[in-house]
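**Student:** Sharing a sequence plus its predicted fold:
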Amino acid sequence: MIVAERKPLDEIISMVQDCGRILVLACKGCVTVCSAGGEREAEILASLVRLGLQKIGKKDAEVLTGSLVRQCDKEYIDSLDQYKGQYDAILSTACGVGVNFIANLRPDEPVYPALNTTFYGGSAEQGVWQEMCAGCGDCVLHLTGGLCPVARCAKNLMNGPCGGSVNGRCEINPDTDCVWQLIYDRMGRLKRQQELTASAPIRDWSTAGHGGPRKRVREDLTV
Amino acid sequence: MSFTPDIRLFTCHYASQQSCTEGGTVLRDLNFPASITLTRLVCTGRLEEKDLLRAFEDGADGVYVVGCPAHSCHNVKGSQRAAKRVASVRKALSELGVEPDRLRMYHVERGLHPEFIAAGEEMDALIRRLGPSPFCRKAA
């Protein structure tokens, strides 16, 4: 899932302080699962925005909440019509994709991001999410036992571990496992450690966004 | 300038048993501050962050939660959950430039204990010292 977290409140308040009617718009997709921008978080944020605006004397501002199934599909953005006439600006608690979609599809409506979109990750335990994928566009997981060195190595090394790996921990952050240690250990358990002696070819990073925004097209679906 | 605070208390069924004994007169007899409005919950674990914030939106100058001791909650982890939510809202209050002490969490044993009264007296004194809520009052 896409993992995100709420922006600092002063940043959010400064974005919307001149708006008269604000729709705090939740997304029921990834940000609900990572407890950053679902309906519950949108209600909390709406309350905080009301209080923040009251504190700076904007007591006439109206802040309401709404939600869309997802903010990354055109048909769901269309359902924003249910709130038509009720808001002057949208404060989206979706990831950056959702904010972009609204900006693209509602060219005359102000939309502001309530979240910082942080990474692609999974839920390690309740309340803890960890980055697992960098969306680099050229998966090497078949070579590394399913563990990603691009997302999980601080140096994105393709031939780790580096000299900073100490007792299975990363020198950048000792709380973080060295993913290359994990890869070696796992490949050993799978009796595939020999495969790691092969030289990794120079990586082509053009799939990782270095060639500009990426797009995927499935011709069979574009009817 | 005289100031009578508006303090909201959310407390669980077990920590506030004395509030409903003998027709509710026990708290008054023990000089429980009159500035405090008590809302009883089946468990403080039921309390949501939005409930705490709504109290401030409704004009509270201070809010506090009284639940079971952290490791002997009747519902196992209810008061721990409440404490986490209180901590989260305290952080948000700080972000808004408001004293986080306007919101506090207390853990007390179930039944009639002086700690329940002491928590109320402490909150009453604290909020009187901090003064009115910096959030604009809701229109009367």
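**Tutor:** Nice, I can see it. Numbering: from 1, shown residues only, chains lettered A, B, ... in the order given.

**Student:** which of the residues in the longest strand belonging to chain A are buried?
**Tutor:** Across chain A, the longest stretch assigned as strand under DSSP state E is strand A:115-125. By neighbour count with 16 or more other C-beta atoms under 10 Å in any protein chain shown, strand A:115-125 contains the buried residues A:115, A:117, A:118, A:119, A:120, A:121. For the C-beta atoms, the positions are set from N, CA and C on the backbone; glycine is no exception.

**Student:** Can you tell me which of the residues you listed comes closest to chain B?
**Tutor:** Closest approach to chain B among the buried residues of strand A:115-125 (C-beta to the nearest C-beta): residue A:115, at 14.8 Å.

**Student:** now that closest one, which residues is it bridged with?
**Tutor:** Here residue A:115 sits in beta bridges with residue A:6, going by DSSP bridges.

**Student:** so who does it touch?
**Tutor:** Neighbouring residues of residue A:115 by C-beta atoms under 8 Å, 6 or more residues apart in numbering or on different chains: A:4, A:5, A:6, A:7, A:31, A:36, A:37, A:92, A:93, A:94, A:95, A:96.

**Student:** Just the buried residues of these.
**Tutor:** The neighbour-count test (16+ other C-beta under 10 Å) marks A:4, A:6, A:31, A:36, A:37, A:92, A:93, A:94, A:95, A:96 as buried among the contacts of residue A:115.

**Student:** I'd like the distance between the nearest residue in space to the last one that is not next to it in sequence and residue B:126.
**Tutor:** It stands for residue A:96. Nearest residue to residue A:96 in three dimensions, chain neighbours excluded: residue A:117, at 4.2 Å (C-beta to C-beta, 6 or more residues apart in numbering or on different chains). In this view, residue A:117 and residue B:126 are 39 Å apart by C-beta to C-beta, to the nearest Å.

**Student:** How about residue B:133?
**Tutor:** Per C-beta to C-beta, residue B:133 is found 13 Å from residue B:126.

**Student:** joint contacts of those two?
**Tutor:** Joint contacts of residue B:133 and residue B:126 (C-beta under 8 Å, 6+ apart) are residue B:62.

**Student:** If you tally nearby residues, what's the number for residue B:31?
**Tutor:** Look at residue B:31: counted by other C-beta atoms under 10 Å in any protein chain shown, it has 10 neighbours.

**Student:** leaving aside the residues next to it on the chain, what's closest to it?
**Tutor:** Distances taken as C-beta to C-beta, 6+ apart put residue B:117 closest to residue B:31, at 7.3 Å, once the chain neighbours are dropped.
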